[in-house]
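Trainee: Just the structure for this:
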Amino acid sequence: MSNGTNGSAPPRTNGAGPNDLEALCRELKSKVDIFLDTATEDDVLNSVKNQIIVARGVIDEALRRYRPEELSLSYNGGKDCLVLLILILASLPSSASLQSKSARPLSSCSSPPFPRHLQALYIRPPLPFAEVDEFVTTTSAAYHLDLTTSNQSMKPALTEYLRERPEVKAVFVGTRRTDPHGADLTFFDETDADWPRFMRIHPVIDWHYREVWGFIRALGIPYCPLYDKGYTSLGGTDDTHPNPALKEGASKTEGQQFRPAYELTEDREERLGRDR
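Mentor: Predicted coordinates:
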């Protein structure tokens, strides 16, 4: 396993204090709060608002159950875990959530220190897209992720990760209901008996495809450039193609053209560009 360390991307708060993550989290919290407080007649954006409220409740519950150092994020640069990452960071400034698991004496008036990083694990596919690798690297730096990268398959990668970080008790996962194996998941699910033991947390499990993109675009969140080329679900180069539902007419100079991922509207069409 290796740690990603450099790169840059999302906008940052000017004049950040000694804890850059705290400044970024407060900036993102403000953006989410403003979005929630801004009236709209757009049905999709109103649905996004409802989903944010539910997801924040799940994240707040996770922060009550676990200390920040006991939490990690499954992060592969895809749209779903990107939404989840932004919502986690926007939830961290809640002092009540941070203090509830504090080991400080009850008589202490001091708040626990704000975390400086969010732990994350990137399990690379055997044949990764260069664009995905670059996006994971740059966003990991910009969002202050303590990223571990594994080239193993999921089960051995998780086994090694938890052996190296035994303090991790729960992992945020961006799985949605329409994903493979997502239909029966709840907000909090222990891993199966034959897997490494930890709690899987699914704050965006009930989000729809249009809501994911509604959130990303409304808040101006940078995303992987492959989505602008018609990819709607990201895996490896051997099993991922532009979505045929977004195909346009061929150009003599540029070949087959595809509309951007955010123009897709149906959940059931999301994985038409995936072989598995």
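
Trainee: Just the buried residues of whichever helix or strand residue 87 is part of, please?
Mentor: For residue 87, the element it lies in under DSSP states H and E is helix 79-91. Buried residues in helix 79-91, defined by neighbour count with 16 or more other Cβ atoms under 10 Å: 79-91. From N, CA and C alone the C-beta is placed, and that goes for glycine too.

Trainee: Where does the prediction get shaky in the stretch 51-200 of the chain?
Mentor: 95-111 (pLDDT under 70).

Trainee: just the strands in it please.
Mentor: Secondary structure of the stretch 51-200 of the chain (DSSP state E, counting those that start in this stretch): strands located at 71-74, 118-123, 145-150, 170-172, 188-190, 199-201.

Trainee: With mean neighbour count and distance to residue 24 added, can I get those in JSON lines?
Mentor: Formatted as JSON lines, these follow (neighbours: other Cβ atoms under 10 Å; distance: least, Cβ to Cβ, whole Å):
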{"stretch": "strand 71-74", "mean neighbour count": "24", "distance to residue 24": "15"}
{"stretch": "strand 118-123", "mean neighbour count": "24", "distance to residue 24": "10"}
{"stretch": "strand 145-150", "mean neighbour count": "21", "distance to residue 24": "11"}
{"stretch": "strand 170-172", "mean neighbour count": "21", "distance to residue 24": "17"}
{"stretch": "strand 188-190", "mean neighbour count": "14", "distance to residue 24": "27"}
{"stretch": "strand 199-201", "mean neighbour count": "21", "distance to residue 24": "21"}
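
Trainee: Make TSV from the ones you listed and add distance to residue 44 to it.
Mentor: Shown next, in TSV, are the strands of the stretch 51-200 of the chain (distance: least, Cβ to Cβ, whole Å):
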stretch	distance to residue 44
strand 71-74	26
strand 118-123	28
strand 145-150	29
strand 170-172	24
strand 188-190	27
strand 199-201	25
